[in-house]
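> next come a sequence and a model predicted from it.
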Amino acid sequence: MTPAEQIDTAHALDIEGVVCRFGALVAVSDISIAIPPGERHAVLGANGAGKTTLFNMISGDITPSAGRIALFGEDITSLPPQRRVLKGLRRTYQKSLVFDGLSVRENLFLAERGVRGRRFSVLAAARNEQENAKTEALAERISLMAKLDSPAGELSHGEQRQLELGMALAGNPRVLLLDEPAAGLSLSERRQLLGMLETLPKTITLVIIEHDLDIALQAADRVTVMHNGRMLAAGTPEEISANQTVHDIYMGKNVN
Amino acid sequence: MTRRTLLWCAAGMGLIAYPLLVNNFWLVQIGGRTLGFGTIALSLVFLVAYGGMLSLAQMTVAGVAGYAVAYFTAPVAGVGLLLPWPLALLIALALATLAGLLIGLLAVRTLGIYTLMITLAIAMAFYFLTLQNYAIFNGYTGFSNVQPPVVAGVDFSRALPFYYLSLAIAAACYGAVRHITRTPFGLALQGVRDNPRRLRSLGYDVARVRVVAFAIAGLLAGLGGILNLWLNGSISPASVGINPVIDVLMAAVLGGFLHPIGAYVGALVFTVVDNFAINFIARERFNTLIGLVFLAVVLFSPDGITGLLRRGRIWLEEKVARLNRRRGRNAGSSSPMQSRQET
Ligand SMILES: Nc1ncnc2c1ncn2[C@@H]1O[C@H](COP(=O)(O)OP(=O)(O)O)[C@@H](O)[C@H]1O
Ligand SMILES: [Mg+2]
């Protein structure tokens, strides 16, 4: 690695001038964010601002049209999604993506096994005491113990959000991307979720897309605000609350 | 759970006792054929039910194994090479697995109807290869007079040993599929079926999971193909042509993709119609008849005969539950009367 390629290893996530074009539409235009380890970082913006697209580029679901992304100093811009996961990156999706035909236990098992290896074993059954203990510990964290053997497709919306989070917590995540984890949750479910996020150790760097300005400002150390694919503002929650443009555009959009 | 175990025990005992009840025609032409052909269909049901992938090349893979066994155990005028049968079987199964793997490599980048088209193209390419190649496939004639081996004094070309051999292989394949679905790989495969994008974001190489599934399906189809070869005693381009290729799909759809047992149920129905249609309609009308049966099943039960059976069972259970509830209510209403009488 030449010195020019060396990226400051102090950062958990380094996003440098990424661009994403869908044909003529520029969904994300020249975004740069550097996130130090342990930070709680919120990404704000109205619908269509490009937040999910930004996550898709970080997780590798979409290859950026330009720019580069580094995870703990290592360039991951062209790494396939599954390889990024093995390096400690995890994500949840705005619309829950769970395995409908499998039980909660099997969903969590796949997540555990995915990051731990021996994913292709066909000799031993997936269910044994050792494995069960692991998946049950995970289910405990997301309060889904009672639903362990229900098919994921039959869970309520809120429970699917919990499972979505549980799958991202498997193994030892180093950087966790949460795409609107509270979307569609009731007030009490939101409170439970926020409480759960607060218990996450600082060894996990957290990036949250949140539609609700209050929640985002309350939970985050630093905030990035996106608008029409561009970076509108960045700073501490205090700076963002005081930013008039953010209020005009973001709140204005929300009211419409 | 116990009722299910009981059912399986009964089915197993029935299959073992089957030779006592029937003549050799039913034993080999219906029983043996269903088990061998059903195992080829099982390889397709495995791909569809657990991986969400359709393939029209499973009969082709079965043909690869069949041709290999014929080539190495029954050489004809200048084509083939006589090997000890265990080695021949090993090579045949390895080739079938490899064929499955290669087909998988080509097919996994595509989805749905495109997978169907590409696997059909592969099947047709193989058919024309066998037809035109004389050095390996002996062209139009193919191989005939292929006999299963005699092992420790047991001649597997005889009806009873052949039936039990078919039963053992089919049971092993069926058991293997049931087992695989509960292993980490099997769960990952079902993850691919339900949500490939999510599986990728859990650290899995989705394409590799799919290719491995195709290789496993190749091995299963290869086993079925060898049974098929021994039953027919011969193999030729007609064994891997468009008709047998479609037959596998038909048997699988007839049986249904809800459960791997559907493969054998479908194969049984197909084999019975195939054998007895000739008694009441002309041979060339067979395709019309099986086509109509196929249409009827797809129309009235899109998830095949197993789907029909499952719905029947649920209906029956609800009926029984309702009956029990009514009986319970009657008992409940009669008890106060009794207590009154007692006082
Ligand atoms: N796969 C895609 N193909 C084409 N356009 C897309 C795609 N994904 C997102 N977009 C467009 O990109 C813009 C940003 O979308 P998105 O990142 O989902 O916004 P957000 O998550 O901030 O609501 C939207 O205009 C959306 O329609
Ligand atoms: Mg979004």
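Looks like it arrived, so ask away. Ligands and ions are numbered 1, 2, ... in the order given.
> C-alpha only now, for contacts and for neighbours.
Fine.
> report the spatially nearest residue to the residue in the stretch 201-343 of chain B positioned nearest to chain A, omitting neighbours in sequence.
Chain A sits closest to residue B:203 of the stretch 201-343 of chain B, with a gap of 3.9 Å, by C-alpha to the nearest C-alpha. Spatial nearest neighbour of residue B:203, chain neighbours left out: residue A:82 (3.9 Å); criterion: C-alpha to C-alpha, 6 or more residues apart in numbering or on different chains.
> ok, now how distant is the one you found from residue A:57?
13 Å (C-alpha to C-alpha, to the nearest Å).
> contacting residues around residue B:130?
B:137, B:138, B:139, B:140, B:142, B:236, B:237 (C-alpha atoms under 8 Å, 6 or more residues apart in numbering or on different chains).
> is the fourth one part of a helix or strand, or is it coil?
In other words, residue B:140. coil (DSSP: H, G, I helix; E, B strand; the rest coil).
> burial check on it, number of neighbours?
Per other C-alpha atoms under 10 Å in any protein chain shown, the neighbour tally for residue B:140 reads 15.
> ok, it touching residue B:128?
No: taking contacts as C-alpha atoms under 8 Å, residue B:140 lies outside contact range of residue B:128: 9.8 Å.
> which neighbours do the two have in common?
Common neighbours of residue B:140 and residue B:128 (C-alpha under 8 Å, 6+ apart) are residue B:237.
> contacts for the helix or strand hosting residue A:246, please.
According to DSSP states H and E, residue A:246 maps onto helix A:244-246. Contacts with helix A:244-246, where a contact means C-alpha under 8 Å, 6+ apart, come from A:225, A:232, A:233, A:240.
> give me the element the closest residue to ligand 1 within the stretch 51-200 of chain B is part of.
Going by C-alpha to the nearest ligand atom, ligand 1 is nearest to residue B:197 of the stretch 51-200 of chain B, at 13.2 Å. Element membership for residue B:197, per DSSP H and E: helix B:196-200.
> next secondary structure after that helix?
helix B:206-232.
> for residue 138, give me its contacts.
Here I'm looking at chain A. Applying C-alpha under 8 Å, 6+ apart, the residues contacting residue A:138 are A:108, A:166, A:169, A:170.
> chain B is the one I meant
Residue B:138 neighbours (C-alpha under 8 Å, 6+ apart): B:79, B:130, B:131.
> gap between it and residue B:85?
Distance from residue B:138 to residue B:85, by C-alpha to C-alpha: 20 Å.
> can you give me phi and psi for residue 13?
Using chain A. phi -140, psi 130 (degrees, to the nearest 10).
> my read is that it contacts residue A:36, right?
Yes: using C-alpha under 8 Å, residue A:13 is in contact with residue A:36, at 6.9 Å.
> which residues in the stretch 51-200 of chain B form helices?
For the stretch 51-200 of chain B, the helices defined by DSSP state H, counting those that start in this stretch occupy B:58-73, B:85-107, B:113-132, B:159-180, B:184-194, B:196-200.
> mind putting the ones you listed into JSON lines with mean pLDDT?
What follows is the helices of the stretch 51-200 of chain B, written out as JSON lines (pLDDT from 0 to 100):
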{"stretch": "helix B:58-73", "mean pLDDT": "96"}
{"stretch": "helix B:85-107", "mean pLDDT": "96"}
{"stretch": "helix B:113-132", "mean pLDDT": "93"}
{"stretch": "helix B:159-180", "mean pLDDT": "95"}
{"stretch": "helix B:184-194", "mean pLDDT": "94"}
{"stretch": "helix B:196-200", "mean pLDDT": "92"}
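> how about the contacts made by the closest residue to residue B:62 other than its chain neighbours?
The shortest distance from residue B:62 to any non-neighbouring residue, by C-alpha to C-alpha, 6+ apart, is to residue B:225 (4.0 Å). Counting by C-alpha under 8 Å, 6+ apart, residue B:225 touches B:36, B:37, B:40, B:59, B:61, B:62, B:63, B:65, B:66.
> who touches the third one in this structure?
Counting by C-alpha under 8 Å, 6+ apart, residue B:40 touches B:58, B:59, B:62, B:220, B:221, B:222, B:223, B:224, B:225, B:248.
> same check, this time on the second one
Going by C-alpha under 8 Å, 6+ apart, residue B:37 touches B:224, B:225, B:228, B:248, B:267.
> at 7 Å instead, please
Shown in contact with residue B:37 (C-alpha atoms under 7 Å, 6 or more residues apart in numbering or on different chains): B:224, B:228, B:267.
> and the angle for the helix or strand that contains the last one with helix B:159-180?
Spelled out, it's residue B:267. Assigned by DSSP H and E, residue B:267 belongs to helix B:261-280. Angle, helix B:261-280 to helix B:159-180, by axes from the mean of the first three to the mean of the last three C-alpha atoms, to 10 degrees: 140 degrees.
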